[in-house]
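Trainee: sequence plus predicted model, see below.
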Amino acid sequence: HRFLQNQQEIKNKIEIMSKHGATQSGNALWAKMPKANAELFALTYGALVAELIRDYDDPVKINEQLDRIGHSIGVRCVDEFLAKADALLSLSPSCATLRETAEVIAKIGFKMFLGVTADVVNVSADGKAFSLYLYENPLTTFVELPSSDECEAANSCDLSHLQYSSVYCGIIRGALEQVNMRVECRFVRDVLQGDEVNEIRVELKEILSDGAGDDYKEE
């Protein structure tokens with residue numbers, strides 16, 4: 001089955017890259033990626049969020065939709081991850097812990113697709129949870145959320161609970177699902193809401209048996 005073969009490939013390449021040195025691997029992959037205009041990228045994402053605000057007028061539902069969109073992206077971006085990682089296959093094993101997987105996400109995944117890296121922090125004692133600190137966020141260029149008072153004055157949706165970049169959480173969930181990890185992922189701090197750093201918390205809930213995720217459909 002092509003999907004199961006792909007899953008094993010994903011695991012093998014994550015093992016290889018985690019030991020090679022996540023930062024070095026991320027830089028190598030970023031160099032191979034076609035580059036999009038950063039401003040256009042941010043504005044396009046902003047237009048998507050604005051459309052969801054018009055459609056739902058409820059931050060909780062908007063967050064859910066962004067997460068769902070991200071999950072769809074995550075389960076499908078693995079093929080590109082595999083294709084671009086081929087140049088690194090001469091390197092050697094192996095990824096033994098969730099912490100090492102987190103480093104792949106932070107230093108390779110973010111770098112490969114967005115050109116930025118994150119820091120892995122606050123790993124739980126049992127090794128089943130970690131946080132990602134994202135200091136640069138390409139999605140939020142030009143973005144400033146209105147305060148609750150400003151929203152009330154304009155008689156518009158209160159965006160104080162909007163997780164503008166929650167698409168990242170969906171992407172992480174979808175990608176890890178492809179390597180048989182069911183995780184919960186959420187923003188716990190957000191620069192747009194006044195925090196000093198963007199913090200994404202990831203918690204491992206279950207190791208899945210081999211098989212496609214709920215949103216995966218074989219082409």
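Mentor: Alright, I've got the coordinates.

Trainee: for the rest of this, base every contact and every neighbour count on C-alpha atoms.
Mentor: Noted.

Trainee: quick check: mean pLDDT of the host helix or strand of Asn63?
Mentor: Element membership for Asn63, per DSSP states H and E: helix 59-85. Per-residue pLDDT over helix 59-85 has a mean of 87.

Trainee: which stretches of this structure form strands?
Mentor: 119-121, 129-134, 181-189, 198-207 (DSSP state E).

Trainee: tell me the most buried of those strands?
Mentor: Of all the strands of the chain, strand 129-134 carries the top mean neighbour count, a mean of 21, counting by mean count of other CA atoms under 10 Å.

Trainee: that one - what's its average pLDDT?
Mentor: In this model, strand 129-134 has an average pLDDT of 97.

Trainee: mind listing residues that contact it?
Mentor: Under the contact criterion CA atoms under 8 Å, 6 or more residues apart in numbering, strand 129-134 has outside partners 98-99, 102, 106, 117-124, 197-204.

Trainee: one more time with 7 Å
Mentor: Residues from elsewhere that reach strand 129-134 (CA atoms under 7 Å, 6 or more residues apart in numbering): 106, 118-124, 197-204.

Trainee: what about the helices in the protein?
Mentor: 2-20, 22-32, 38-56, 59-85, 98-103, 110-114, 148-153, 167-177 (DSSP state H).

Trainee: thinking again about what came up before, buried set for the helix holding Asn63?
Mentor: For helix 59-85, a neighbour-count test (16 or more other CA atoms under 10 Å) marks 59, 62-63, 65-78, 81, 84-85 as buried.

Trainee: now stretch 63-71 - C-alpha only, PDB.
Mentor: C-alpha atoms of stretch 63-71 as PDB (Å, rounded to 0.1, in the frame of the first residue of the first chain):
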ATOM      1  CA  ASN A  63      -9.600  29.000  15.500                       C
ATOM      2  CA  GLU A  64     -11.200  25.600  14.800                       C
ATOM      3  CA  GLN A  65     -11.400  26.300  11.000                       C
ATOM      4  CA  LEU A  66      -7.700  27.500  10.900                       C
ATOM      5  CA  ASP A  67      -6.700  24.300  12.800                       C
ATOM      6  CA  ARG A  68      -8.700  22.200  10.400                       C
ATOM      7  CA  ILE A  69      -7.100  23.900   7.400                       C
ATOM      8  CA  GLY A  70      -3.600  23.400   8.900                       C
ATOM      9  CA  HIS A  71      -4.300  19.700   9.600                       C
END
